[in-house]
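Enquirer: below: sequence and its predicted model.
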Amino acid sequence: MTGELSGYDAVAEARSVRNVLDIHWSRICSRLQAEVGEVEYRTWLKQISIGPVDGDEITLNLPTRFLRDWVRTQYGDRLSALWNAELPSIRRVELQVGRAEPVADPADAGEGGGSADAAPVAAVDERVAEARSELSRHDLAAPLDPRFTFDTFVVGKPNEFAYACARRVAERPSSPGFNPLFLYGGVGLGKTHLMHAIGSELTRGGKVSVAYMSAEKFMYRFIAAIRSQSTMEFKEQLRSVDVLMIDDLQFLIGKDNTQEEFFHTFNALVDAGRQIVVSADKSPSDLSGLEDRLRTRLGCGMVADIHATTFELRISILESKAAASGVAVPAKVLEFLAHKITSNVRELEGALNRLIAHANLFGRPVTLEATQDVLHDILKAHDRRVTIEEIQRKVAEHWNIRLTDMSSARRARAVARPRQVAMYLAKQLTSRSLPEIGRKFGNRDHTTVMHAVARVTELMERDTAFAEDVELLRRMLES
Ligand SMILES: Nc1ncnc2c1ncn2[C@@H]1O[C@H](COP(=O)(O)OP(=O)(O)OP(=O)(O)O)[C@@H](O)[C@H]1O
């Protein structure tokens, strides 16, 4: 790679990016689906198709006036907030009656999916135009989310190292050994949260200038600068900040020209003693597709990974978020959620928010039953696919009874109690209904299962040793 890039190359790069708005919209759809449930999503929101972006406003189309009005009153604010969270330059959502093309199912919307040819040039142009107007307003960076602070970040084993490194950078930026700080980990585990926390902490005194932006934004800014022949200003702007934070660096894979520009910016800043913070989904050495020299430099400072959450961390996060909401959420419900939703914190948070919204809306207390009902769709998607047969086998082994006793008519306590526990676990760990569970236990009635669930719950509250046994079984079945 050599010297100054040609605008043509960079624009070609941008054109090879799939319809960026579609990608953002797909992410928003996934979130909405998780928040409102499959039925509501399919009934109302799946009818939306995205229209053009004009300044800070995006148009969303709905096929009928009725649908438009309904979506506007029920979801208008939420849609604006979600768009703004995805693309901070979008501040308003305009809902109008228009031709609605079917929205891709969130499930089909992988970032890497779609052919390069499918990328509508108009969408790229829009992003570039948006980036250009931001540049002319000297809005170098995206605003920091005030909710993402160190205080609201819950620390546990999986993230304590990354947290400590982030704290250290916030306290003493550009310390040797911590520049760059490279945070990596799976989706929704708190990388962005930590970066914003560093930014907020550093800008609090008003003396340090911080620029935070996604790698994607970096690319569009760069292209906009090339198109408006203002690359020098762009470079100067970038190189004048004290701290530069680039989120989701993996976006630059395959974008050689933007990578090169980033590499030069990176070197200029580090050489001038400024701090760089970068996040990605993989470690520098695993980011194949990034230029070797860039990977090497990225790995030169502190590399900190955020591991997948543990049950304990999920519980702490839920407790903290429930407490902040002011809604009383029983420990049993939090435990249930922490067991069921293990993929990432974003989804866990989404599930809790939905429970809280329902509780506020209907003024009803949050119970385990209500949780299973309200989050039915999410829970189904996270069903670990533990089978009732597996549960019966494990429980029978644990209490040393015959497997056939799970469906036999024997009522001796030594047999009846493990059977009740197996029914309880079947209710907790599978999405089977009470009658379905009853059928698997020798065609018992659903009221028998209900009774078993209540009895085991009650015993667990009274008898710690018994509760530990049940908990252990649950963990064994889930792992
Ligand atoms: N340890 C934590 N304590 C409190 N909230 C957390 C924690 N980890 C993640 N979250 C929350 O989970 C959500 C997702 O986190 P974030 O956006 O930082 O993830 P990410 O790792 O940047 O994900 P992506 O890979 O999608 O960019 C945010 O709302 C964040 O506040």
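Expert: Great, that's in hand.
Enquirer: can you read off the pLDDT for Ser200?
Expert: For Ser200, the pLDDT comes out at 94.
Enquirer: that one - that's part of a helix, no?
Expert: Yes: the assignment for Ser200, made by DSSP: H, G, I helix; E, B strand; the rest coil, places it in a helix.
Enquirer: count of neighbours near it?
Expert: Neighbour count for Ser200, taken as other CB atoms under 10 Å: 20. Just so you know, the C-beta spots here come from the backbone N, C-alpha and C atoms, and that holds for glycine as well.
Enquirer: same deal with Ser240?
Expert: 13.
Enquirer: what's it in contact with, if anything?
Expert: Residues counted as contacts of Ser240 (CB atoms under 8 Å, 6 or more residues apart in numbering) are Ser209.
Enquirer: what's the answer for the one 10 residues further on, then?
Expert: Residues touching Gln250, when contacts are defined by CB under 8 Å, 6+ apart, comprise 215, 280-282, 287.
Enquirer: out of those residues, which is nearest to His358?
Expert: Asp281 (32.5 Å; CB to CB).
Enquirer: backbone dihedrals for that closest one, both of them.
Expert: When read as degrees, to the nearest 10, the backbone of Asp281 gives phi -90, psi -10.
Enquirer: isn't it right next to Asp248, touching?
Expert: Yes: applying CB atoms under 8 Å, one finds Asp281 in contact with Asp248, separated by 7.4 Å.
Enquirer: what's the neighbour count on the closest residue to Ala85 other than its chain neighbours?
Expert: The shortest distance from Ala85 to any non-neighbouring residue, by CB to CB, 6 or more residues apart in numbering, is to Asp145 (7.7 Å). Residue neighbour count, defined by other CB under 10 Å, stands at 17 for Asp145.
Enquirer: and Asp145, helix, strand or coil?
Expert: Assignment for Asp145 (three-state DSSP): coil.
Enquirer: any idea how far it is from the ligand?
Expert: Per CB to the nearest ligand atom, to the nearest Å, Asp145 is found 8 Å from the ligand.
Enquirer: what does the pLDDT read for that residue?
Expert: If you check Asp145, the pLDDT there is 90.
Enquirer: now the two most distant members of the contacts of Gln250.
Expert: Across those (CB to CB), the longest gap, 13.2 Å, separates Ala215 and Lys282.
Enquirer: hang on, the earlier thing: the more surrounded of Asp281 and Asp248?
Expert: Taking neighbours as other CB under 10 Å, Asp281 and Asp248 compare with Asp248 leading, 20 against 16.
Enquirer: tell me the residues of the stretch 151-300 of the chain that contact the ligand?
Expert: The stretch 151-300 of the chain comes close to the ligand at residues 152-154, 159, 185, 187-193, 248, 281, as judged by CB under 6 Å from any ligand atom.
Enquirer: which of the residues you listed fall within strands?
Expert: Gly185 (DSSP state E).
Enquirer: just the buried members of the residues of the stretch 151-300 of the chain next to the ligand?
Expert: Neighbour-count burial (16 or more other CB atoms under 10 Å) applied to those gives 153-154, 159, 185, 188-193, 248, 281.
Enquirer: count of residues packed around Ser431?
Expert: Neighbours of Ser431 under the rule other CB under 10 Å: 17.
Enquirer: assign it to helix, strand or coil.
Expert: coil.
Enquirer: on that earlier part again, more neighbours: which of Ala215 and Lys282?
Expert: A side-by-side neighbour count of Ala215 and Lys282, using other CB under 10 Å, places Ala215 first with 21 against 16.
Enquirer: ok, and the closest non-adjacent residue to that one?
Expert: Spatially, and ignoring its direct neighbours in sequence, Ala215 is nearest to Phe251 (4.0 Å; CB to CB, 6+ apart).
Enquirer: which ones are touching the one you found?
Expert: So Phe251 contacts 214-216, 219 (CB under 8 Å, 6+ apart).
Enquirer: does the top helix by length along the chain reach the ligand?
Expert: In the chain, assigned by DSSP state H, the helix with the most residues is helix 65-86. No: Helix 65-86 lies out of reach of the ligand by CB under 6 Å from any ligand atom, never closer than 9.1 Å.
Enquirer: buried sites along that helix?
Expert: By neighbour count on 16+ other CB under 10 Å, the buried set for helix 65-86 is 67-68, 70-72, 75-76, 78-80, 82-84, 86.
Enquirer: how about the contacts made by Arg147?
Expert: Contacts of Arg147 by CB under 8 Å, 6+ apart: none found.
Enquirer: swap in 10 Å and give it another go.
Expert: Arg147 makes contact with 193, 196, 200, 324 under the criterion CB atoms under 10 Å, 6 or more residues apart in numbering.
Enquirer: just Leu473 next, same as before
Expert: Contacts for Leu473 (CB under 10 Å, 6+ apart) come out as 391, 394-395, 397-399, 418, 421-422, 424-425, 429.
Enquirer: point out the residues in the stretch 301-450 of the chain that sit beside the ligand.
Expert: 317, 345-346, 349.
Enquirer: distance of Ala81 from the ligand?
Expert: Look at Ala81 and the ligand: by CB to the nearest ligand atom, they are 12 Å apart.
Enquirer: now swap in Phe251 and tell me
Expert: Going from Phe251 to the ligand by CB to the nearest ligand atom gives 10 Å.
Enquirer: the residue of the stretch 301-450 of the chain found nearest the ligand: how many residues sit nearby?
Expert: As assessed by CB to the nearest ligand atom, the ligand sits closest to Val345 within the stretch 301-450 of the chain, at 3.5 Å. Neighbourhood size, Val345 [other CB under 10 Å]: 22.
Enquirer: do Leu355 as well
Expert: For Leu355, using other CB under 10 Å, the count is 23.
Enquirer: that one against Ala328, yeah?
Expert: No: applying CB atoms under 10 Å, one finds Leu355 not in contact with Ala328, separated by 11.3 Å.
Enquirer: what is in contact with these two at once?
Expert: Common neighbours of Leu355 and Ala328, using CB under 10 Å, 6+ apart, are 322, 366.
Enquirer: how about Asn61, phi and psi?
Expert: When read as degrees, to the nearest 10, the backbone of Asn61 gives phi -100, psi 140.
Enquirer: for Asp292, grab the count of nearby residues.
Expert: 8.
Enquirer: who are the neighbours in contact with it?
Expert: So Asp292 contacts nothing (CB under 10 Å, 6+ apart).
Enquirer: ditto for the one 4 residues further on
Expert: Taking CB under 10 Å, 6+ apart as the criterion, Thr296 is in contact with 284-285, 290.
Enquirer: highest neighbour count among the residues you listed?
Expert: Counting by other CB under 10 Å, top hit in those: Leu290 with 25 neighbours.
Enquirer: pLDDT score for the residue lying closest to that one once chain neighbours are set aside?
Expert: Nearest non-adjacent residue to Leu290, counting by CB to CB, 6+ apart: Ile253, 6.0 Å away. Ile253 carries a pLDDT value of 89.
Enquirer: what of Asp256?
Expert: pLDDT for Asp256: 87.
Enquirer: gap between it and the ligand?
Expert: Using CB to the nearest ligand atom, Asp256 is found at 23 Å from the ligand.
Enquirer: I'd like the numbering to begin with 59 instead of 1 from here.
Expert: Got it, first residue is 59 now, which makes that one Asp314.
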